[in-house]
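Undergrad: have a look; sequence and predicted model below, questions after that.
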Amino acid sequence: GSKVTNYKPGSQVMGLLPGGGYSQKIVTPERLAMPIPANLNFEAGAAIPEAFMTAYDALFPQLQLKIGERLLIHAVGSGVGIAALQLAKVAGATIFGTAGSDDKLARAKALGLDFGINYKTQDFQEIVLAETRAEGVHAILDMVGADYWEKNLACLAIKGRVILLGLLGGAKVEANLSNIMRKRVQIIGTVLRGRSLEEKMMLTAEFQKQVLPLFESGKIKPVIDRVFPLERAAEAHAHMESNQNFGKIVLRIEQQQPDRR
């Protein structure tokens, strides 16, 4: 409308949504919109906001990840995992990652993963402690939850931090609080979807300033597994549930404009 100042009709934008993205038309506050980098198309733009903003917010404002630190990313082949891997690599971290197949780990290593761990055949606790001379990692990005609780604590270095982004492995644990106290561990829980509009606007502004230039320069990139037309949305969900995807699954709502790359 007339109060929009940052964009013009036809501007190519991307951004967070509270839901309702399976639509031909949506309405969103302009401060939740960001320009799609000129070297990327709409499908790449669709793969950026939710995954990369979740990863950025977890790694930096919350975990306070620093250059030279060691980071463990669970589900490193997921959309958020791949985003976190690339952002942490640019920040100068050493990265451990878990995934359920050697193929996913090989593809993650091509993006900068230092130590890949197949959780189906290997024990991530053993490998992390062996590779760090029993010192552990400084930070863990976890989307599993209860199933990894004890091993995560064992993997953390003194004053380590773990942030919970998901609960795929359950939500309830029995905790030995003395271990948390002894190591001076910080446990952080986070969600992005349920935050206030003001918080999302602030994150959008920071992300646009700090991260969009990395896409423009090619230092990081959205990774797309497959693109489905909207009428095959059920098939897209089945593909996601199979856990075979590496990166984002994108729905194409309608035929996009010519590729600008």
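TA: Nice, thanks for sending it over. Residues are numbered from 1 along each chain as shown.
Undergrad: list the buried residues in stretch 6-15.
TA: 12, 14, 15 (16 or more other C-beta atoms under 10 Å). Bear in mind the C-beta positions are built from the backbone N, C-alpha and C, glycine included.
Undergrad: I misspoke; the intended subject was stretch 144-151.
TA: Buried, per 16+ other C-beta under 10 Å, within stretch 144-151: 144, 145, 147, 148, 149, 151.
Undergrad: now for these, which pair is the farthest apart?
TA: Within the buried residues of stretch 144-151, 145 and 151 form the most distant pair, 11.9 Å apart (C-beta to C-beta).
Undergrad: what about residue 49, distance to residue 61?
TA: 16 Å (C-beta to C-beta, to the nearest Å).
Undergrad: and those two? which has more neighbours close in?
TA: Here residue 49 and residue 61 are compared on neighbour count by other C-beta atoms under 10 Å; more neighbours surround residue 49, at 20 against 12.
Undergrad: that one contacts residue 14, doesn't it?
TA: Yes - judged on C-beta atoms under 8 Å, residue 49 makes contact with residue 14 at a distance of 5.4 Å.
Undergrad: mutual contacts of these two, please.
TA: residue 34 (C-beta atoms under 8 Å, 6 or more residues apart in numbering).
Undergrad: how about the helix or strand hosting residue 239, which residues are buried there?
TA: For residue 239, the host element (DSSP states H and E) is helix 233-241. Residues 236, 239, 240 are the ones in helix 233-241 that count as buried (16+ other C-beta under 10 Å).
Undergrad: and if you look at stretch 164-181?
TA: So for stretch 164-181, counting by 16+ other C-beta under 10 Å, buried means 164, 165, 166, 168.
Undergrad: dump those to CSV, plus pLDDT and secondary structure.
TA: Listed next are those as CSV, based on pLDDT from 0 to 100; DSSP: H, G, I helix; E, B strand; the rest coil:
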residue, pLDDT, secondary structure
164, 97, strand
165, 95, coil
166, 92, coil
168, 87, coil
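Undergrad: which one among those residues gets closest to residue 80?
TA: Closest to residue 80 out of the buried residues of stretch 164-181 is residue 165 (6.5 Å), distances taken as C-beta to C-beta.
Undergrad: and for residue 110, the neighbour number?
TA: 8.
Undergrad: try the one 10 residues further on
TA: The local packing of residue 120 (other C-beta under 10 Å) involves 10 other residues.
Undergrad: and what of residue 194?
TA: Residues contacting residue 194 under the criterion other C-beta under 10 Å number 7.
Undergrad: who touches it in this structure?
TA: If you count contacts by C-beta under 8 Å, 6+ apart, residue 194 has none.
Undergrad: so which strand or helix has it?
TA: Here residue 194, judged by DSSP H and E, is contained in no helix and no strand.
Undergrad: so how far is residue 75 from it?
TA: For residue 194, the distance to residue 75 - C-beta to C-beta - is 21 Å.
Undergrad: with residue 190 instead?
TA: Plainly put, residue 190 is 15 Å away from residue 75 if you go by C-beta to C-beta.
Undergrad: picking that back up, next, format the buried residues of helix 233-241 as a markdown table and append distance to residue 5.
TA: Formatted as a markdown table, these follow (distance: C-beta to C-beta, whole Å):
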| residue | distance to residue 5 |
| --- | --- |
| 236 | 36 |
| 239 | 40 |
| 240 | 37 |
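Undergrad: what's the closest of those to residue 90?
TA: residue 240 (27.0 Å).
Undergrad: you'd agree that closest one is up against residue 249?
TA: Yes - between residue 240 and residue 249 a contact is recorded at 5.5 Å, counting by C-beta under 8 Å.
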